[in-house]
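Engineer: mind looking at a prediction? Sequence and model below.
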Amino acid sequence: MNHTIDTKVLSELLENEEPITLLDVRRKADYQANPNTIKGALWRDPDKIGDWVKQLPAGKRTVVYCVKGGSVSQSVTDRLRDEGLETVFLDGGLKNWIESGQPVDAARYTILDADIALLRQAGVSEEDIAHSVKVAEKALEIASRIPKDLDMEFVGRGALFHDLGKAKTHEIEHGKLGAEMGATLGLPPAVNAVMEKHIRGGLSVEEAVELGLPVKDYTLSTLEERIIIYADRLVDIITDGIVPIKEEREAEEGFEEILRTIPKYGKNDKTLERYLGYHREIRALSNR
């Protein structure tokens with residue numbers, strides 16, 4: 001059976017704000033060559049479908065598209081339907097959408113291979129790089145749900161480089177060392193600041209003194225910073241294996257209980273309240 005949707009029907013669904021999940025599943029090279037997307041679409045690498053298929057919300061119709069509506073979107077549709085998701089693909093793909101005069105969103109930020117190479121050259125382990133990439137992907141995903149004008153490049157790069165200092169140590173001073181390394185590498189000051197601020201989710205001056213870190217206020221001053229730090233804690237929960245997680249959304253849905261019951265994630269009362277504050281703020285903004 002040919003599970004397709006045409007541009008007119010998809011346009012009407014989007015205009016009427018129907019509850020659908022819209023996925024751009026062009027291959028990575030095609031997406032990087034033209035990162036413009038249909039409004040509301042999230043790019044997902046079709047070659048890594050096993051990594052993200054369980055993240056998709058159940059009970060929501062899913063529409064996917066590739067460049068021309070060929071084998072890529074068809075194979076993704078088949079896989080998602082096998083997973084029990086009601087899925088169709090866009091007939092003619094993005095090419096037909098554009099040629100039909102439908103609008104596209106300006107390019108969104110994607111993680112750069114050059115930045116991953118920079119982490120590797122700095123001496124960050126493959127395990128820590130994998131964690132950092134996952135945090136960046138999660139931060140960008142969260143930011144994409146929030147109807148605000150966010151600096152997506154900062155979200156992506158700040159999340160990707162937050163653990164740069166682990167090239168030298170995994171101790172608490174890795175934030176400070178990472179910021180120093182980032183300055184040497186010419187990374188933006190805001191990205192370097194995230195490396196320092198992510199320790200315990202944004203320390204007060206008093207806490208910095210107690211931990212023997214440079215005496216300053218590490219409070220997270222922007223929503224982008226809070227998204228990055230929230231994503232970092234979510235990825236820990238999702239990947240550590242301490243909490244049984246079948247779908248990634250369960251980490252967000254059970255976030256408060258998890259932090260209150262597992263000391264590794266809540267740390268202490270001050271850290272716990274910070275993280276719960278970020279969680280509540282971000283969930284409210286994203287209507288989830």
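Structural biologist: Now that the structure is in, tell me what you want to look at.

Engineer: for residue 218, what are its contacts?
Structural biologist: Residues counted as contacts of residue 218 (CB atoms under 8 Å, 6 or more residues apart in numbering) are 196-197, 199, 202-204, 208. All C-beta atoms are positioned from the backbone trio N, CA, C, and that covers glycine.

Engineer: these in helices, which ones?
Structural biologist: Among the contacts of residue 218, the ones falling in helices (DSSP state H) are 196-197, 208.

Engineer: just those residues now: which is nearest residue 237?
Structural biologist: Distance to residue 237 across the ones in helices among the contacts of residue 218 (CB to CB) is lowest for residue 197, with 19.9 Å.

Engineer: how near is that closest one to residue 220?
Structural biologist: 6 Å (CB to CB, to the nearest Å).

Engineer: out of these two, which sits in the busier spot?
Structural biologist: residue 197 (25 against 21; other CB atoms under 10 Å).

Engineer: looking at that one now. What's its pLDDT?
Structural biologist: We have a pLDDT of 94 for residue 197.

Engineer: skipping adjacent residues, who's closest to it in space?
Structural biologist: Leaving aside its sequence neighbours, residue 197 sits nearest to residue 218 (CB to CB, 6 or more residues apart in numbering; 4.7 Å).

Engineer: I'd guess the one you found is in a strand, am I close?
Structural biologist: No: judged by DSSP: H, G, I helix; E, B strand; the rest coil, residue 218 forms no part of a strand; its state is coil.

Engineer: do you know the pLDDT at it?
Structural biologist: 93.

Engineer: dihedrals phi and psi, it?
Structural biologist: phi -100, psi 20 (degrees, to the nearest 10).

Engineer: related to what we said a few turns ago, wait, which of the contacts of residue 218 is closest to residue 155?
Structural biologist: So of the contacts of residue 218, ranked by how close each gets to residue 155 (CB to CB), first place is residue 197, at 13.9 Å.

Engineer: list the contacts for that closest one?
Structural biologist: 175, 203, 218-220, 225, 229 are the contacts of residue 197 under CB under 8 Å, 6+ apart.

Engineer: TSV for these, including distance to residue 253?
Structural biologist: Output for those, formatted as TSV (distance: CB to CB, whole Å):
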residue	distance to residue 253
175	29
203	28
218	28
219	27
220	23
225	23
229	19
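
Engineer: which of these are buried, as a PyMOL select command?
Structural biologist: With 16 or more other CB atoms under 10 Å as the criterion, this PyMOL line picks the buried residues out of the contacts of residue 197:
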select buried, resi 175+203+218+220+225+229
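
Engineer: which two among the contacts of residue 197 are spaced furthest apart?
Structural biologist: Among the contacts of residue 197, 175 and 219 lie farthest apart (CB to CB), at 14.0 Å.

Engineer: domain map for the chain?
Structural biologist: 4-99, 113-285 (automatic domain parsing).

Engineer: now do the end-to-end distance for stretch 26-41.
Structural biologist: 12 Å (CA to CA, to the nearest Å).

Engineer: just give me how far that stretch sits from the chain centre.
Structural biologist: In this view, stretch 26-41 has its centroid 16 Å away from the chain centroid, taken as CA atoms, centre = their mean, to the nearest Å.
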